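Peer 1: what's the 3D shape of this:
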Amino acid sequence: MALNQLINEKSPYLLQHADNPVHWYPWGEEAFLKAKTENKPIFLSIGYSTCHWCHVMAHESFEDEEVAALLNKYYISIKVDREERPDVDSIYMKVCQMMTGHGGWPLTIVMTPDKIPFYAGTYFPRERKHGLPGIMEVLTQLHHSYVENPKRITKITEQVQQALAQTVQEKSGKRLSIETADLAFQQLKKQFDLTHGGFGSAPKFPQPQNLLFLLRYAHFTENKTALQMVERTLEKMAAGGIYDQVGFGFSRYATDEKWLIPHFEKMLYDNALLLMVYTEAYQITKKTDYQKIAEQIVAFVMREMTDQKGAFYSAIDADSEGVEGKYYVWKDEEIFDILGEELGQLYADAFNITPFGNFEGANIPNQIGISMEKVAQQHGLTVDALNEKLTFARRQLLQAREKRVYPHVDDKILTAWNGLMIAALANAGKVFNESSYTKAVENALHFVEQNLFLDERLFTRYRDGETKHKAYLDDYAFLAWGYIELYNATYTPCYLAKGKDLLYSMIDLFWDKDNGGFFFTGKDGESLIAKDKEVYDGALPSGNSVAAVILVRMAHLTGISTFLECVDEMYDTFYADLHLNPSASAFFMQTILLTESASKEIILLGKKTDPNRIKFFRDFHQTFLPEASILAAESITELENIAPFTVNYPELNDQTTIYICENFACQAPTTDVNKAIGQLIRNNEMK
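Peer 2: A predicted model of the protein is given here:
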């Protein structure tokens, strides 16, 4: 079997294409030099290892000898894993959206040896079908155009460069305000699906960044509609097929508006962000159904997405044995063979299992439109007894499912996505008082610290003993989020100190000194055809959005004004992008709520074993207080280097002492824990 240049790579996605007849190169100087020397255009294909349509295009075209012959004769072909090189993906996805009005993966770019695109698209079949041109036709026409009409190619590339130059944000002299956050809520309200929850129509994505914003908007403005939007979405998603009712965890999106048919791949980042949303929804409402889903997400991630050394894998494929969803769906008779007649019928009634199925003749278990009370009544059971039987049935089905051929797992460790799961799991450990979660977070963070820093520079990917690619803005911002949440779960000062240092490094490497905001690539990173500075949220909240929120939170914890000054400048930098369409960056809107509302700073000094301290945190952690920052230590000396202002806050009478401050103006300290927590909770309830 012939192997191409990808055989020496560690990326699972690149290795999937190492035996293609296409002479693939990884992104690098060897490929660009060859393109220049031979005066050939570059065929750039960007995807990721768990992408269904990437698999389809690979099978139809890149494994095909005729397509390969065409590419090998007239092009230099480059494969990029978007998860390892999000900088490359971001620039060329932006070009694709400019040229075609849409984007997605696989991303297909044809460009000059100088890396300037003159053609863009996504999935192409081998031959023309479904209204899409065939790849053979496209490659042939573009080759002729490149050779016979170079002036046209030059004109297109000049237009692309001009369009990219116009996307660079410059200061406007105007500033985003609290009215911008109000407009973001109104826009999300218009997009909201009142029947099924979520935003827009099919295909429907969870968009947890919208939900996190709405939880805070509900809190700060007392807007009940915002909370209802979140609750409707969480309940409908948890009942749908987008949620794996047998093994838990969320798929990336649903192909329909009611969350029934998932696109079966599971991403670490979706499950991290949704874990955060369900945990916070529990904090606000105290509804145990939200806690249950949060705990099930953790169980899934620990079972199926955790490395032996504690870090978290990137994704699980939609396909197994070449068939989308095969691992997850059930024939009606399978359910009864495994569970028996009585329990099988009970499960079928509770999870919409029918002989006809709901997905290509098979069943995706779901509880859409199901009333557990009615099912219990129908079978002469209490709801508790029904749930007990269904839990037993689910475990039986999971055991049976685990005998199937498991989907491909992308087992690379990405700093940014691990940062998200570290943040979400630390928060869940804090809220649910679950020490095993916190221990798992500390293990993951230890892995990142040991394997993804080289000479104090953070890197983006680890796999199979190799650390690669200087980290991007997302890596720094998301990992800093993880440090803050782990500090809030453990009150171990070193986590706060490390998070603070990481933010200083982030500012040094990525901050645009001329116009504010953060570039995606560091000043020591590879130069691409444009410098990208993104504030719009995509599948993930943007690096600038997360950076802004974490800078505010760290400033409130440490009193470092530099961090707030950066955020204030960002309100100017991104004014033109966001003042008319703020819902496109809902995560960034959290920042406005945090800076334009009254903040609370709490300083607690007391021994970790003191029952008063333990009681305070147990009650405090059950309360949703996004405006509150808490510094805790056994002695003030633990905090003096991290937050120098704390030297003025002594412990009283060797007892747990609590200072509650608002906008850095403090009330008299108290050793009465009940009084302190009562004041915080009462103020929260009065909002």
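Peer 1: now the stretch 201-350 of the chain, which segments are flagged as low pLDDT?
Peer 2: Within the stretch 201-350 of the chain, no range satisfies pLDDT under 70.
Peer 1: can you show me the strands along it?
Peer 2: 253-254, 262-263, 266-267, 315-316, 319-320, 323-324 (DSSP state E, counting those that start in this stretch).
Peer 1: packing partners for the first one?
Peer 2: Same thing as strand 253-254. In terms of contacts (3 or more C-beta pairs under 8 Å, 6 or more residues apart in numbering; DSSP states H and E), strand 253-254 is packed against strand 262-263. C-beta here means a position set from N, CA and C on the backbone, and glycine is covered the same way.
Peer 1: can you list the strands that the strand it packs on pairs with?
Peer 2: According to DSSP bridges, strand 262-263 forms sheet pairs with strand 253-254 (antiparallel).
Peer 1: what comes into contact with the partner strand?
Peer 2: For strand 253-254, the external contacting residues (C-beta atoms under 8 Å, 6 or more residues apart in numbering) are 202, 203, 204, 205, 206, 240, 241, 242, 260, 261, 262, 263.
Peer 1: low-confidence ranges in the chain?
Peer 2: Looking at the chain by pLDDT under 70, you get 1-2, 664, 682-687.
Peer 1: give me that answer again for 50
Peer 2: Residues of the chain that meet the criterion pLDDT under 50 lie in 686-687.
Peer 1: so which residue is smack in the middle of it?
Peer 2: residue 269 (3.4 Å; C-alpha atoms, centre = their mean).
Peer 1: give me the element the residue nearest to that one when sequence neighbours are not counted is part of.
Peer 2: Once flanking residues are discounted, residue 269 sits nearest to residue 417: 5.0 Å by C-beta to C-beta, 6 or more residues apart in numbering. If you go by DSSP states H and E, residue 417 is part of helix 415-431.
Peer 1: now do the buried residues in that helix.
Peer 2: Across helix 415-431, burial judged by 16 or more other C-beta atoms under 10 Å covers 415-431.
Peer 1: out of the contacts of strand 253-254, which are buried?
Peer 2: Buried among those by 16+ other C-beta under 10 Å: 204, 205, 206, 240, 241, 242, 260, 261, 262, 263.
Peer 1: could you find the closest non-adjacent residue to the second one?
Peer 2: Of all residues beyond its chain neighbours, the one nearest residue 205 is residue 253 (4.4 Å), with distances taken as C-beta to C-beta, 6+ apart.
Peer 1: ok, the one you found to residue 559 distance?
Peer 2: Per C-beta to C-beta, to the nearest Å, residue 253 is found 41 Å from residue 559.
Peer 1: if we can go back for a sec, out of the strands of the stretch 201-350 of the chain, nearest to residue 446?
Peer 2: Nearest to residue 446 among the strands of the stretch 201-350 of the chain is strand 315-316 (22.6 Å), distances taken as C-beta to C-beta.
Peer 1: give me the number of residues near residue 467?
Peer 2: 17 (other C-beta atoms under 10 Å).
Peer 1: ok, the one 5 residues further on next?
Peer 2: Here the number of neighbours of residue 472 (other C-beta under 10 Å) works out to 28.
Peer 1: ramachandran coordinates for it?
Peer 2: phi -100, psi 180 (degrees, to the nearest 10).
Peer 1: which residues sit in contact with it?
Peer 2: Contacts of residue 472 (C-beta under 8 Å, 6+ apart): 86, 87, 416, 460, 520, 521, 522, 525, 543.
Peer 1: now the fifth one: which helix or strand?
Peer 2: So the one you mean is residue 520. Applying DSSP H and E, one finds residue 520 in no helix or strand.
Peer 1: pretty sure it contacts residue 535?
Peer 2: No. With contact defined as C-beta atoms under 8 Å, residue 520 does not reach residue 535; the gap is 10.7 Å.
Peer 1: what segments of the stretch 351-500 of the chain are strands?
Peer 2: Under DSSP E, counting those that start in this stretch, the stretch 351-500 of the chain gives strands at 409-410, 413-414, 453-454, 457-463, 466-470.
Peer 1: buried residues in the longest one?
Peer 2: Within strand 457-463, the residues that count as buried by 16+ other C-beta under 10 Å are 458, 459, 460, 461, 462, 463.
Peer 1: could you list every residue that touches the second one?
Peer 2: What it means is residue 459. 415, 452, 453, 467, 468, 469, 470, 471, 475.
Peer 1: can you pull up the bridge partners for it?
Peer 2: The partner residues for residue 459, given DSSP bridges, come to residue 470.
Peer 1: can you tell me how far it is from residue 614?
Peer 2: 39 Å.
Peer 1: before we move on, back to that, could you dump the contacts of strand 253-254 into JSON lines and include distance to residue 275?
Peer 2: Putting these into JSON lines (distance: C-beta to C-beta, whole Å) gives the following:
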{"residue": "202", "distance to residue 275": "25"}
{"residue": "203", "distance to residue 275": "22"}
{"residue": "204", "distance to residue 275": "19"}
{"residue": "205", "distance to residue 275": "16"}
{"residue": "206", "distance to residue 275": "12"}
{"residue": "240", "distance to residue 275": "17"}
{"residue": "241", "distance to residue 275": "19"}
{"residue": "242", "distance to residue 275": "15"}
{"residue": "260", "distance to residue 275": "22"}
{"residue": "261", "distance to residue 275": "23"}
{"residue": "262", "distance to residue 275": "17"}
{"residue": "263", "distance to residue 275": "20"}
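Peer 1: hmm, back to that, who's more crowded, residue 253 and residue 559?
Peer 2: residue 253 (21 against 18).
Peer 1: show me the beta-bridge partners of the more buried one.
Peer 2: residue 263.
Peer 1: show me where the stretch 301-450 of the chain has helices.
Peer 2: 332-339, 341-350, 372-378, 383-401, 415-431, 435-451 (DSSP state H, counting those that start in this stretch).
Peer 1: CA-only coordinates of the first one in CSV, if you can.
Peer 2: So that's helix 332-339. Presented in CSV, the C-alpha positions along helix 332-339 are these (Å, rounded to 0.1, in the frame of the first residue of the first chain):
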residue,chain,number,x,y,z
ASP,A,332,-37.4,-3.0,18.2
GLU,A,333,-36.7,-6.7,18.5
GLU,A,334,-33.2,-6.0,20.0
ILE,A,335,-34.8,-4.2,22.9
PHE,A,336,-37.1,-7.1,23.7
ASP,A,337,-34.3,-9.7,23.2
ILE,A,338,-32.1,-8.0,25.7
LEU,A,339,-34.8,-6.9,28.3
